[in-house]
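Participant: the amino acid sequence is not available; the structure is as follows:
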């Protein structure tokens, strides 16, 4: 079957001459605000505050951060600049612990910095800009390829349940799981999307719903705890999610709640697909046990913006892991830009 | 083993000479506000707005509503009052569709009204008051009995995961599932409670956390989608929830998210207990398929109080069932005031 390729009008981040423009995702969907940052420190802060988020997007953002660092130090002598850039890359590398794409991208700049013999600091800037744009363009292309491979797995008129945001906001292109949805949708307008709201940060309610409506894809919002009941009603034909890190055996770290969703899909015999570029693979890990899981602040759970959702009491404890790990055995297939991989996985 | 009985300082509702006092649960935990209502119509509105909620509590509230009706019409002639009370009972019966305790309680007033031969309208008032207090006192006693039976199932130092609110706010006594927790806790201070926040209304974050802290029970709050990951960490020894209606075969309607939680417990081989008074049993239903599931407004999912959580767009659809049905096959035991019932269930 020849598939139409999807497009999107959304651009989460872009490198410009004066810095890097980020669509501030913490203000969506209420306000579409672009902020311009000019230093790697601002990029780290933006990554940590989820101004830019989504594993592939923060990989691209890491690259843009490397460029900002090189530009910041471009008027310094080569040894001074080299040292400063090295330090910035180190900080960028550790901005968030779970998604491996960030480390993957930053490592490419570290290798480039170390391997080349530089004549001037400006050469570093130029080389970094080229690499950053390569990573960006590769991401756009990989999204198209994942969309193409993944769309072949979606039955006509399917109800597709997704979790968190894996779209244009989470990548430089049309998205991973939502890129598959986009591709499937332009080829089959009878599809329906179900979006988990994705507590605590509500990336589903805020970002996925916004993206779907922006591209005229019918979307139904639900609280995360409703997914199994929706499946029981026969509304869900496919579950499709992204990934932040995938171990050699297919164990997949993704937004908290993914594991629970995979258990529900298994119980209802519904295919559960993970969509991610190969930069998400971490073949240094035999399985998911060693994937570090970021624990975020209690306030994300206890508050919504300035409003308290629970009791204001210092005795209250909060569990707030940002991610969980879904065993490869629960994943029907993993779709990368290279194709459709099926269990048992051995990357 | 001889168990200490638990107590609570919380009273969700009480019948007084001038009407009925309700602790307004929509204002908890920020404000502890008691509101006094005097008509059955106000009681229906309070039940629908979740000012009073929880299956056993709305059973008791139904009884108090019947008393308010009888009092309202006490100066009318017997035939006029009889007719008006009948209409009020009919409305009370239909205030919310899923929890059977409300229907069970109101039906007792309907039978009483029809079966006795009344001399004066005041006789109806007196008889209704007696029945309402009987239902209330029975509920208090049944909570103690469920607490006693259920506590025997909880291992020392257990981590107990619960969903929604099933405590003193959901009953006239110490609670159902949370009554078991209370009873277990005064006998074993090393217990820990994990409270699902329970979207969309956040009864876990708002009410269960408040109740636990009020009674000095250590509590950890989590978003609903974190439960499976918490189980995977070995933190959960027991899951304990309430019920809104239980069919003959043990299929149990309870707060949305219960079914998903039961699937997660099953996958981790963790006992999953339902705690409910026998008034929650509906043996007219062979299984859970015929249990009506209340669908509530989209706004509960799309907004938190006045703040939008998602996109303000008329094309956005919302799935918001207030309850789901957990198959009896996923329930390790059902605890009523009569004892511990184990699968296969045949009530």
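Facilitator: Sure, I can see it. Every value quoted in this text rests on a predicted model; they were computed, and no experiment measured them.
Participant: every contact and neighbour count from this point should use C-alpha atoms.
Facilitator: OK.
Participant: could you report the pLDDT at residue A:89?
Facilitator: Reading off the confidence values, residue A:89 has pLDDT 98.
Participant: what about it, distance to residue A:102?
Facilitator: 11 Å (C-alpha to C-alpha, to the nearest Å).
Participant: and if you look at residue A:108?
Facilitator: 10 Å.
Participant: neighbour count: these two, which is higher?
Facilitator: residue A:102 (28 against 16; other C-alpha atoms under 10 Å in any protein chain shown).
Participant: can you pull the buried residues of whichever strand or helix holds the more buried one?
Facilitator: Take DSSP states H and E as the rule and residue A:102 turns out to sit in helix A:100-115. Judged by neighbour count using 16 or more other C-alpha atoms under 10 Å in any protein chain shown, the buried positions of helix A:100-115 are A:100, A:101, A:102, A:103, A:104, A:105, A:106, A:107, A:108, A:109, A:110, A:113.
Participant: what of stretch A:306-323?
Facilitator: A:308, A:309, A:310, A:311, A:316, A:317, A:318, A:319, A:320, A:321, A:322, A:323.
Participant: near chain B, from the residues you listed?
Facilitator: Restricting those to those near chain B by C-alpha under 8 Å from any C-alpha of the partner chain leaves A:309, A:310, A:311, A:316, A:317, A:318, A:319, A:320, A:321.
Participant: tally up the residues packed near residue A:140, please.
Facilitator: For residue A:140, the neighbour count with other C-alpha under 10 Å is 18.
Participant: also the one 10 residues further on?
Facilitator: When neighbours are defined as other C-alpha under 10 Å, residue A:150 has 28 of them.
Participant: again with residue A:118
Facilitator: Residue A:118 has 14 neighbouring residues, counting by other C-alpha under 10 Å.
Participant: what pLDDT does the residue nearest the centre of chain A get?
Facilitator: In chain A, the centroid-proximal residue (C-alpha atoms, centre = their mean) is residue A:54; its distance is 2.2 Å. According to the prediction, residue A:54 has pLDDT 94.
Participant: tell me the contacts of it?
Facilitator: Contact partners of residue A:54, counting by C-alpha atoms under 8 Å, 6 or more residues apart in numbering or on different chains, are A:165, A:166, A:169, A:170, A:171, A:244.
Participant: residue contacts, the fifth one?
Facilitator: Pointing back at residue A:171 there. Listed by C-alpha under 8 Å, 6+ apart, the contact partners of residue A:171 are A:12, A:54, A:55, A:56, A:57, A:58, A:60, A:139, A:140, A:143.
Participant: out of the contacts of residue A:54, who's nearest chain B?
Facilitator: Distance ranking of the contacts of residue A:54 against chain B, using C-alpha to the nearest C-alpha, places residue A:165 first at 13.0 Å.
Participant: by mean pLDDT, flag the weakest helix or strand of chain A.
Facilitator: Lowest on mean pLDDT, DSSP states H and E among the helices and strands of chain A sits strand A:307-308, with a mean of 92.
Participant: that one pairs with which strands, and in what direction?
Facilitator: Using DSSP bridges, the strands paired with strand A:307-308 are strand A:303-304 (antiparallel).
Participant: picking up where we left off before, identify the farthest-apart pair in the contacts of residue A:54.
Facilitator: The distance between the two most remote of the contacts of residue A:54 (C-alpha to C-alpha) is 14.5 Å, for A:169 and A:244.
Participant: quote the end-to-end distance of stretch A:298-305.
Facilitator: End-to-end distance (C-alpha to C-alpha), stretch A:298-305: 13 Å.
Participant: could you pull up the mean pLDDT of it?
Facilitator: Averaging pLDDT along stretch A:298-305 yields 95.
Participant: before we move on, what about stretch A:158-175?
Facilitator: Mean pLDDT, computed over stretch A:158-175, is 97.
Participant: would you mind measuring the gap between the ends of that stretch?
Facilitator: End to end - C-alpha to C-alpha - stretch A:158-175 spans 19 Å.
Participant: what's the distance between that stretch and the middle of its chain?
Facilitator: How far stretch A:158-175 lies from its chain's middle: 9 Å, per C-alpha atoms, centre = their mean, to the nearest Å.
Participant: same check, this time on stretch A:90-107
Facilitator: For stretch A:90-107, the distance to the chain centre is 13 Å (C-alpha atoms, centre = their mean).
Participant: which residue ranges form the helices in the stretch 151-300 of chain A?
Facilitator: Under the criterion DSSP state H, counting those that start in this stretch, the stretch 151-300 of chain A contains helices at A:177-187, A:203, A:209-214, A:227-232, A:258-267, A:299-302.
Participant: now tabulate the ones you listed in JSON lines and tack on mean neighbour count and distance to residue B:207.
Facilitator: Shown next, in JSON lines, are these (neighbours: other C-alpha atoms under 10 Å in any protein chain shown; distance: least, C-alpha to C-alpha, whole Å):
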{"stretch": "helix A:177-187", "mean neighbour count": "27", "distance to residue B:207": "36"}
{"stretch": "helix A:203", "mean neighbour count": "28", "distance to residue B:207": "25"}
{"stretch": "helix A:209-214", "mean neighbour count": "21", "distance to residue B:207": "29"}
{"stretch": "helix A:227-232", "mean neighbour count": "22", "distance to residue B:207": "23"}
{"stretch": "helix A:258-267", "mean neighbour count": "24", "distance to residue B:207": "24"}
{"stretch": "helix A:299-302", "mean neighbour count": "19", "distance to residue B:207": "13"}
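Participant: mind listing the helices for the stretch 1-150 of chain A?
Facilitator: A:40-48, A:55-72, A:78-93, A:100-115, A:121-151.
Participant: quick one: name the residues of the stretch 201-347 of chain A near chain B.
Facilitator: Within the stretch 201-347 of chain A, the positions adjacent to chain B are A:202, A:205-206, A:209-210, A:213, A:218-229, A:256-260, A:263-264, A:267, A:301-302, A:309-311, A:315-321, A:324-325 by C-alpha under 8 Å from any C-alpha.
Participant: repeat the analysis, applying 6 Å as the threshold.
Facilitator: With C-alpha under 6 Å from any C-alpha of the partner chain as the criterion, the stretch 201-347 of chain A comes near chain B at residues A:205-206, A:220-222, A:224-226, A:228, A:257, A:260, A:310-311, A:317-319.
Participant: report the contact partners of the residue in the stretch 1-150 of chain A positioned nearest to chain B.
Facilitator: Across the stretch 1-150 of chain A, the shortest distance to chain B (C-alpha to the nearest C-alpha) belongs to residue A:29, at 5.9 Å. When contacts are counted by C-alpha atoms under 6 Å, 6 or more residues apart in numbering or on different chains, residue A:29 touches A:206, B:311.
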